[in-house]
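Novice: Coordinates only, no sequence provided:
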Ligand SMILES: NC(=O)C1=CN([C@@H]2O[C@H](COP(=O)(O)OP(=O)(O)OC[C@H]3O[C@@H](n4cnc5c(N)ncnc54)[C@H](OP(=O)(O)O)[C@@H]3O)[C@@H](O)[C@H]2O)[C@@H](O)CC1
Ligand SMILES: Nc1ncnc2c1ncn2[C@@H]1O[C@H](COP(=O)(O)OP(=O)(O)O)[C@@H](O)[C@H]1O
Ligand SMILES: [K+]
């Protein structure tokens, strides 16, 4: 786990450190500039070997201040540096102003306008590096007057700079992206093509939420974090649940004890749909078994018993034809987790099954059809409890929480914009249980406000997960981990992490069936 900060949290940390007297804002800005230049040279060693030409685009705040530091450091290394400023130098905040003045002893500063950047591109074909220091975490509202500058940087990154391809580096976050939500604060209806797109973003201390949410990741091919010496000052006065965690492969708690037996790892019951609709439940069941549940049973309607029996071996099969049968099955207290939804159906029988399952109060994963049933019946929705996990994709989320989804979809007029983390937290609070909101930026939130993200982004990009049945396997992974004793939130974020790892491990050509069977290799990589 690592932390993802909001701009307010980052500011609070910075201010606490400065107030402690151990460092000044100016020193932090200097470290930030060094961090960017160091990261650039590490990413492109050929740029470090000889001096080149760079253009640094500075904005009106401290992000611009970092830009002046970067310009100075490159100049000291013999680079030819052109600097542009968007805004009035007299209105720069004090540290940025100091660095502006330091730069002015070395070179000139031109006003950054759309026209100026057009002629710059025309006359400087040899530029090797473009630094985007226009806006960082302080972007509070859309900015219109630089749309062409943004799209210019974007097109340079794509290679249309005299056929040359200057490296585009964004300081802290690609300008235009809201650091808290990843929402592109452009003109309403503006194409994302106009957003700054960087080859590399260098952030400070920790990644921000905007690096992994919504359009944020479109802004940069790669994001790295520079240490600016704030390590011992993690979160003064910030309640732990307010800090969103980015799931990583450390401390997943997946090892099994040598003295355990199968029932030590729980018994999961996955309910199947009727004949002809049974594959999804089997995918979930296989996921639950592979991830380590001790026993997994598919509960099948009578009509589908033969169909299920022909395809199950290690997974057990029990007839669960309707709500009465489910009540009877649940007399077995060893069944400690239920999974309902994958191709369960949307008829009255399915609705009753969901109702009975929720009434049992056991750990329960609700996916797919079960989510649609919840959205149709407020009475069933009201039975959700803290041991449940809901796993909506965006369509299911809209059906379940239409007002929250509308807020998330509304064009952002100001920053910080309402984010997917805000939406998932609000949904979890309303549902009274853990909600896992799927996507490349999968967000997991619980009613008390705890939130984490599994990012299938950057080097963990896993577009092959967009395949039918992948969600069923994820529901099964969560089910299996809850059977093993993981608390709902931990089960959901660990499952989401492993789900992506399975996709990465298998690679291109992945179909849902491959995901559970990729787990052993992933576990080996994790040292299990
Ligand atoms: N925190 C730390 O530890 C460290 C932070 N550091 C650096 O500081 C950066 C944050 O600096 P920051 O707060 O000054 O914000 P920044 O992004 O430069 O912009 C704010 C300015 O833009 C303005 N403005 C906003 N929207 C606008 C619009 N649409 N159109 C026009 N103007 C607009 C806004 O004006 P206002 O909203 O007040 O009118 C304000 O003047 C951070 O990203 C990092 O690079 C590092 O130095 C090291 C340690
Ligand atoms: N482009 C993508 N990159 C990474 N993960 C994705 C992408 N698209 C979908 N996923 C993941 O794949 C799974 C798909 O689930 P879902 O939409 O419920 O599919 P199904 O209902 O067919 O099983 C989710 O875990 C989702 O987060
Ligand atoms: K920036």
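Specialist: Okay, I see it. Bear in mind that the values here come from a model prediction, so they are computed numbers and not experimental data. Ligands and ions are numbered 1, 2, ... in the order given.
Novice: Check the gap between residue 486 and ligand 3 for me.
Specialist: 39 Å (C-beta to the ion, to the nearest Å). Yep, even glycine has a C-beta here, placed from its N, CA and C like the rest.
Novice: try residue 17
Specialist: 22 Å.
Novice: which SSE is that residue in?
Specialist: Taking DSSP states H and E as the criterion, residue 17 maps to helix 7-20.
Novice: quick one: that helix near ligand 1?
Specialist: Yes. Helix 7-20 reaches ligand 1 (C-beta under 6 Å from any ligand atom) through 10, 11, 14.
Novice: who's in contact with the second one?
Specialist: Translated: residue 11. residue 137 (C-beta atoms under 8 Å, 6 or more residues apart in numbering).
Novice: pLDDT score assigned to the residue in the chain sticking out farthest from the centre?
Specialist: What lies farthest from the middle of the chain is residue 105; by C-alpha atoms, centre = their mean that is 42.5 Å. pLDDT, residue 105: 98.
Novice: remind me which residues of the stretch 201-350 of the chain are low pLDDT?
Specialist: For the stretch 201-350 of the chain, the stretches with pLDDT under 70 are 234, 236.
Novice: ok, now with 80
Specialist: Low-confidence segments of the stretch 201-350 of the chain (pLDDT under 80): 232-237, 263.
Novice: The chain too?
Specialist: 51, 118, 121-122, 142-148, 150-165, 186-195, 232-237, 263, 413.
Novice: buried sites along the helix holding residue 17?
Specialist: In terms of neighbour count (16 or more other C-beta atoms under 10 Å), helix 7-20 has its buried residues at 7, 9, 10, 12, 13, 14, 16, 17.
Novice: still on that earlier bit, of all the residues of helix 7-20 next to ligand 1, which comes closest to residue 498?
Specialist: Checking these against residue 498 by C-beta to C-beta gives residue 10 as the nearest, at 29.8 Å.
Novice: Now do the contacts for residue 118.
Specialist: Residue 118 neighbours (C-beta under 8 Å, 6+ apart): 148, 152.
Novice: ok, now how distant is the residue farthest from the centre of the chain from residue 68?
Specialist: As judged by C-beta to C-beta, to the nearest Å, residue 105 and residue 68 stand 11 Å apart.
Novice: and the closest residue to ligand 2 within the stretch 1-150 of the chain, what are its bridge partners?
Specialist: For the stretch 1-150 of the chain, the residue closest to ligand 2 is residue 4, as judged by C-beta to the nearest ligand atom, at 17.6 Å. Note on residue 4: beta-bridge partners residue 244, judged by DSSP bridges.
Novice: Alongside ligand 2, which residues does the stretch 401-528 of the chain contribute?
Specialist: Going by C-beta under 6 Å from any ligand atom, the residues of the stretch 401-528 of the chain near ligand 2 are 438-440, 442, 456, 462-463, 465-466, 468-472, 474, 499.
Novice: Repeat the analysis, applying 5 Å as the threshold.
Specialist: Contact residues, the stretch 401-528 of the chain versus ligand 2 (C-beta under 5 Å from any ligand atom): 438, 440, 442, 456, 462-463, 465-466, 468-472, 474.
Novice: picking up where we left off before, count the neighbours of the residue of the stretch 1-150 of the chain closest to ligand 2 for me.
Specialist: Neighbour count of residue 4, defined by other C-beta atoms under 10 Å: 23.
Novice: With residue 93 instead?
Specialist: Counted with other C-beta under 10 Å, residues neighbouring residue 93 total 14.
Novice: show me what contacts it?
Specialist: 61, 62, 65.
Novice: Mind listing what's buried along the following helix or strand past the helix holding residue 17?
Specialist: Counting by DSSP H and E, the element after helix 7-20 in chain order, helix or strand, is helix 25-43. Residues of helix 25-43 classed as buried: 25-26, 28-33, 35-40, 43 (neighbour count, 16+ other C-beta under 10 Å).
Novice: all helices for the stretch 251-400 of the chain, in order.
Specialist: For the stretch 251-400 of the chain, the helices defined by DSSP state H, counting those that start in this stretch occupy 279-290, 305-309, 323-329, 348-359, 368-376, 378-381, 394-400.
Novice: what angle sits between the helix holding residue 17 and helix 25-43?
Specialist: Interaxial angle of helix 7-20 relative to helix 25-43 (axes from the mean of the first three to the mean of the last three C-alpha atoms, to 10 degrees): 120 degrees.
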